[in-house]
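[1] return atomic coordinates for the entry below.
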Amino acid sequence: EVQLVESGGGLVQAGGSLRLSCATSGLTFDDYAIGWFRQAPGKEREGVSCISGRDGMTYYADSVKGRFTISGDNAKNTVYLQMNILKPEDTAVYYCKAHRTAWDYYWGQGTQVTVSS
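    From the prediction side, this is the model:
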């Protein structure tokens, strides 16, 4: 059974930092791209950042470039999202997704991030 478990969310003041973790199990980590998405109330889910489990290539949405850093630990099958200089507009539920093909993907349950002004 494939599982993705997010952790590390919470309440932080603007300008602060949080580190999210996505621990995966039941899949071959190197075969997947692991991404972070977020969904704020009343808004569509949007992609934030992604990393290839095979070669470590990364992607960032323009809104988080220079503030967020994604990294992976293949030995632990875990992906991290270091979020710095947080803004109130970063408030959302953050989801982890493991993606290999259009029909082979898995979502985590989400973790709440709240940034107060």
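[2] so where's the longest strand in this protein?
    Assignment by DSSP state E gives strand 92-101 as the longest strand of the chain.
[3] quick one: strands adjacent to that one?
    The pairing partners recorded for strand 92-101 under DSSP bridges are strand 33-39 (antiparallel), strand 104-107 (antiparallel), strand 111-116 (antiparallel).
[4] any idea which of these is most buried?
    strand 33-39 (a mean of 22; mean count of other Cβ atoms under 10 Å). C-beta here means a position set from N, CA and C on the backbone, and glycine is covered the same way.
[5] what residues does Asp90 make contact with?
    When contacts are counted by Cβ atoms under 8 Å, 6 or more residues apart in numbering, Asp90 touches 38, 64, 83, 113, 115.
[6] once you drop chain neighbours, what's closest to the second one?
    Take Val64 and drop its neighbours on the chain: the residue closest to it by Cβ to Cβ, 6 or more residues apart in numbering is Val48, 5.7 Å away.
[7] now swap in the fourth one and tell me
    Setting aside the residues directly before and after it, Val113 is nearest to Gly9 in space (Cβ to Cβ, 6+ apart), at 4.8 Å.
[8] wouldn't the one you found be in contact with Cys22 here?
    No: Gly9 lies out of contact with Cys22 (Cβ atoms under 8 Å); the separation is 11.4 Å.
[9] so for those two, which residue has more residues nearby?
    Cys22 (26 against 19; other Cβ atoms under 10 Å).
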